[in-house]
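*Asks:* Here is my input; please provide its structure:
(2 chains)
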2 protein chains.
Amino acid sequence: MRETWVIGAATSRFGKLTETGREAASRVALQAVDSAGIDPKRIGYTFVSNCFGVAEHQAHLGPLVNTALGIPEVPSATIESACSSSSAGLHEAYLHVASGLDDAVLVVGAERLSHLDTLRATSYFAMGADYPFETRNGATFPGLYATLANAHQKRFGTRSEELGAVAVKNHANGARNPNAHFQKEISLSTYLASPVIASPLRLYDCCPFSDGASALVVAAREAFPRPPSEPLVVRASVRSGSIADLHDRPDMTGLPASRVAGEKAFRMAKLLPNDIDFAEVHDCFTIAEVMALEDLGFFPKGEAARAAVEGTTAIDGRFPVNPSGGLKAKGHPVSATGAAQVVEVFEQFNQRAGRRAVPRTRTALTHNVGATGGSCSVHIFSRRDD
Amino acid sequence: MRETWVIGAATSRFGKLTETGREAASRVALQAVDSAGIDPKRIGYTFVSNCFGVAEHQAHLGPLVNTALGIPEVPSATIESACSSSSAGLHEAYLHVASGLDDAVLVVGAERLSHLDTLRATSYFAMGADYPFETRNGATFPGLYATLANAHQKRFGTRSEELGAVAVKNHANGARNPNAHFQKEISLSTYLASPVIASPLRLYDCCPFSDGASALVVAAREAFPRPPSEPLVVRASVRSGSIADLHDRPDMTGLPASRVAGEKAFRMAKLLPNDIDFAEVHDCFTIAEVMALEDLGFFPKGEAARAAVEGTTAIDGRFPVNPSGGLKAKGHPVSATGAAQVVEVFEQFNQRAGRRAVPRTRTALTHNVGATGGSCSVHIFSRRDD
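*Replies:* Here you go, the predicted structure:
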């Protein structure tokens, strides 16, 4: 396999798009290609993620995005894996490039839901769960993640104040991110005063519905040896799955797919959790960040909840987590989220993260979950050795 | 790249499913794995295509299918490219195996639309077109393909009787296929008496809305050297794109994406059109079969329309086309179609095609189009040399 880099990255502001998902996807794709400094004609394939295109009557985005880039003849496909869609696209892009099939591949994730009412938007999100067994019985994602939070609390005594510290941290980071959906800090008392959505999860435990688009250019080192920005060397690109339904899992204090993907990714990268400088992990709910840090081996089981309280995972902590603000504050436009995590790594590696710059940027990990962990992607990036 | 085979294949009957798309996908996936004679645990990745899962409230099928197979830990993704979705999945599966990443990959396409009324089903299909420029102005696929048919007629004098001969042939083939949606022959006079849907296309020029599911097991020769059935050697796996919108194309007598994919596929396989024994091509409308045969180089431009009239493309003709009955008679459950074409090649190579057996089965080509050719996949298969 060839050494494979991310050489270009771009994101829209997350929140409310005043353009269609197709327009946002095309615009951000153009920006990513521009940031890579390459002729679009060098792109060999385009992976578009767009789970809710149906809500815009548009379900075949690839040729439209490629036409906007002036490369209509380039093949494309839509790739989806619930909330881990564009990281699934990145995995395919990695393989296209690493295998030698293509020298450069475009990954785009875009989502627009804000034109729908909340009930309709919720029903779209919930299609990532198991319809007859979960959704139809009323278990949408806040309820499902609340079930996980309850199991975690019961086993490890995880306190609301600890979940709240995750929310406070990620809002503090989002306040420093001009592309974040929520750019305001919150206090622990604001968190504790917010209404319970699904016990024990409160309003501020939950990520928002966001519109947004993000894009990456993945390329072979040998084909593009001198990109204009510091590239991300893809050290690991791993996906995993697990039983979708919570009620069929022997343990609900973590996500088995995260454990499997994490172990495989560290093996592929020949690195250990201690070698990673910072991470963007999937915090659709605060409990999800806690579980991710434990499942990936950054903290022993039952010990990650304290990390935010103690400042370990703050931007200036020992191991910064979600400097972008995470899904919690940056926002969660389903298909854009996985690519956006990598955009954050790209900005951090290139000293473009402004007031949310983390101290060390030699290595980073991104962790993106589909639904309640039926799917998971983990990527590990490092700087060039030279 | 490693030599890559299709070693297992299965399809449901096309038409009306009495189960959900998820159930059909799981059932047919199990059958495909069983036909490959492998332990499901050897599967490294699952690609599911299911464009209209949203119509069943279920948009994250991969983990559900894998759980049904007893392999929930295996990663999966949904891959879509309008009507060329499962051939896009086959392309990724080919790359996963050929590159050495996985020894075996499962490809599943499933669709269920029959529970929707015709207007709703039409609106789902039409999401493959360009919404603001085409669909919103009333141009759904019968109108768009009628536009292509008009251009072809104007340039080459293509006659209704010639399009009718394609319909008559494919219905004759479908009548010999126990899995076809329509298993009845039609006469040319029945064709000519059928109502005009979008001039010049009549009812019998159009494929039906079908439910259905198909699945393939793609595997490395070196990992599975002795499969129970005659494997299909993947000699070419190529995808292409083009401007989605007809009004932006300089020529409407063919599909540029088919030409590009065909040329690349023959180059990759080191074969010429004359070397191919039979083909399954994308005949969502009769004109689409005519254009495909010209675009792929099987007939000079303007000469393919006569092929069905003259019997050249009949099952016992010089070059059988769509022995399965094609989309026209076998049916067109969007996401299942691309994989189903390969199932037909598998059955033909294994002498399981009964009364629709073609005379020569050393090589075959499958051609699968997304929408009006915004996307296209071409695969070429041959027998083992040994």
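
*Asks:* drop to CA atoms for contacts and neighbour counts, all remaining ones
*Replies:* OK.

*Asks:* My reading is that A:E294 is in a helix; is that accurate?
*Replies:* Yes. Per DSSP: H, G, I helix; E, B strand; the rest coil, A:E294 lies within a helix segment.

*Asks:* Do I have it right that it meets A:R306?
*Replies:* No. A:E294 is beyond contact range of A:R306, at 11.4 Å (criterion: C-alpha atoms under 8 Å).

*Asks:* where does the stretch 201-350 of chain A come near chain B, residue by residue?
*Replies:* A:239-244, A:257 (C-alpha under 8 Å from any C-alpha of the partner chain).

*Asks:* Restrict those to the buried ones and give me that as a ChimeraX selection.
*Replies:* This is how ChimeraX selects the buried members of those, with burial counted by 16 or more other C-alpha atoms under 10 Å in any protein chain shown:
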select /A:239,240,241,242,243,244,257
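
*Asks:* Can you tell me which of the residues of the stretch 201-350 of chain A next to chain B end up in strands?
*Replies:* Of the positions in these, A:239-241 sit in strands, assigned by DSSP state E.

*Asks:* Export those to a markdown table and append columns for pLDDT.
*Replies:* Compiled in a markdown table, these are given as follows (pLDDT from 0 to 100):
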| residue | pLDDT |
| --- | --- |
| A:R239 | 98 |
| A:S240 | 98 |
| A:G241 | 98 |
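
*Asks:* Between the residues of the stretch 201-350 of chain A next to chain B, which sits nearest B:A198?
*Replies:* Distance to B:A198 across these (C-alpha to C-alpha) is lowest for A:A244, with 44.5 Å.

*Asks:* Once you drop chain neighbours, what's closest to that closest one?
*Replies:* Among residues not flanking A:A244 along the chain, A:G374 sits closest, at 4.3 Å (C-alpha to C-alpha, 6 or more residues apart in numbering or on different chains).

*Asks:* Which pLDDT value belongs to that neighbour?
*Replies:* Predicted confidence (pLDDT) for A:G374: 98.

*Asks:* One more: A:D386?
*Replies:* Checking the pLDDT column for A:D386, the value is 59.

*Asks:* Output the lowest mean pLDDT helix or strand found in chain A.
*Replies:* helix A:118-126 (a mean of 91; mean pLDDT, DSSP states H and E).

*Asks:* Run through who's touching that helix.
*Replies:* Helix A:118-126 is contacted from outside by A:52, A:113-114, A:135, A:140-141, A:209, B:54, B:57, using C-alpha atoms under 8 Å, 6 or more residues apart in numbering or on different chains.

*Asks:* Buried by neighbour count: which residues of it qualify?
*Replies:* Neighbour-count burial for helix A:118-126 flags A:121, A:124-126 (criterion: 16+ other C-alpha under 10 Å).

*Asks:* Take those and lay them out in TSV including distance to B:L327.
*Replies:* Below are the buried residues of helix A:118-126 laid out as TSV (distance: C-alpha to C-alpha, whole Å):
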residue	distance to B:L327
A:A121	34
A:Y124	30
A:F125	33
A:A126	33
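
*Asks:* and which of the residues you listed is nearest B:S324?
*Replies:* Using C-alpha to C-alpha, those come closest to B:S324 at A:Y124, 36.3 Å.

*Asks:* Pull up the gap between the closest one and B:H57, please.
*Replies:* 8 Å (C-alpha to C-alpha, to the nearest Å).

*Asks:* quick one on the thing from earlier: make a markdown table out of the residues of the stretch 201-350 of chain A next to chain B and add distance to A:D130.
*Replies:* Below are these laid out as a markdown table (distance: C-alpha to C-alpha, whole Å):
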| residue | distance to A:D130 |
| --- | --- |
| A:R239 | 20 |
| A:S240 | 18 |
| A:G241 | 14 |
| A:S242 | 13 |
| A:I243 | 10 |
| A:A244 | 7 |
| A:A257 | 16 |
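
*Asks:* Could you single out the nearest of the residues of the stretch 201-350 of chain A next to chain B to A:R159?
*Replies:* Checking those against A:R159 by C-alpha to C-alpha gives A:A257 as the nearest, at 24.6 Å.

*Asks:* mind showing which ranges of the stretch 251-386 of chain A have poor pLDDT?
*Replies:* Counting by pLDDT under 70, the ranges of the stretch 251-386 of chain A that qualify are A:386.

*Asks:* which residues in it form strands?
*Replies:* With DSSP state E, counting those that start in this stretch as the definition, the stretch 251-386 of chain A shows strands at residue ranges A:278-280, A:363-370, A:375-382.

*Asks:* What is the second one packed up against?
*Replies:* The one in question is strand A:363-370. Under the contact criterion of 3 or more C-alpha pairs under 8 Å, 6 or more residues apart in numbering or on different chains; DSSP states H and E, strand A:363-370 touches strand A:278-280, helix A:334-349, strand A:375-382.

*Asks:* ok, A:A193 - how many residues close by?
*Replies:* Counted with other C-alpha atoms under 10 Å in any protein chain shown, residues neighbouring A:A193 total 12.

*Asks:* Sketch out the helices for chain A, chain order is fine.
*Replies:* Taking DSSP state H, the helices of chain A run over residues A:21-36, A:61-68, A:85-98, A:118-126, A:141-156, A:160-174, A:188-193, A:256-269, A:286-295, A:305-309, A:326-330, A:334-349.

*Asks:* Let's have those helices in a markdown table, adding distance to B:P195.
*Replies:* Compiled in a markdown table, these are given as follows (distance: least, C-alpha to C-alpha, whole Å):
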| stretch | distance to B:P195 |
| --- | --- |
| helix A:21-36 | 37 |
| helix A:61-68 | 33 |
| helix A:85-98 | 43 |
| helix A:118-126 | 38 |
| helix A:141-156 | 49 |
| helix A:160-174 | 60 |
| helix A:188-193 | 65 |
| helix A:256-269 | 54 |
| helix A:286-295 | 57 |
| helix A:305-309 | 68 |
| helix A:326-330 | 54 |
| helix A:334-349 | 43 |
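
*Asks:* Now do the same contact list for the closest residue in space to A:A55 that isn't next to it in sequence.
*Replies:* Nearest non-adjacent residue to A:A55, counting by C-alpha to C-alpha, 6+ apart: A:L113, 7.5 Å away. The contact partners of A:L113, by C-alpha under 8 Å, 6+ apart, come to A:52, A:55, A:121, A:209-211.

*Asks:* what do you get for A:G53?
*Replies:* Counting by C-alpha under 8 Å, 6+ apart, A:G53 touches A:21, A:59, A:111-112.

*Asks:* ok, now how distant is it from B:A149?
*Replies:* Distance, A:G53 to B:A149, by C-alpha to C-alpha: 29 Å.

*Asks:* Next: A:P195.
*Replies:* Separation of A:P195 from B:A149 (C-alpha to C-alpha) stands at 60 Å.

*Asks:* of the two, who's got more company?
*Replies:* Legend: neighbour count by other C-alpha under 10 Å for A:P195 and B:A149, higher for B:A149 (29 against 12).

*Asks:* give me the number of residues near the residue nearest to A:Q348 when sequence neighbours are not counted?
*Replies:* Once flanking residues are discounted, A:Q348 sits nearest to A:A357: 6.1 Å by C-alpha to C-alpha, 6+ apart. Applying other C-alpha under 10 Å, we find 21 residues neighbouring A:A357.

*Asks:* which residues does A:V105 bridge with?
*Replies:* A:Y45, A:V218 (DSSP bridges).

*Asks:* pretty sure it is touching A:V48, no?
*Replies:* No. Look at A:V105 against A:V48 with C-alpha under 8 Å: they stay out of range, at 10.8 Å.

*Asks:* more crowded one of the two?
*Replies:* Higher neighbour count among A:V105 and A:V48: A:V48, with 33 against 30, using other C-alpha under 10 Å.

*Asks:* confidence score at the more buried one?
*Replies:* pLDDT at A:V48 comes out at 98.

*Asks:* can I assume it is in contact with A:L61?
*Replies:* Yes. Using C-alpha under 8 Å, A:V48 makes contact with A:L61 at a distance of 6.9 Å.

*Asks:* Find the residues that touch each one of those two.
*Replies:* Residues touching both A:V48 and A:L61 (C-alpha under 8 Å, 6+ apart): A:T78.
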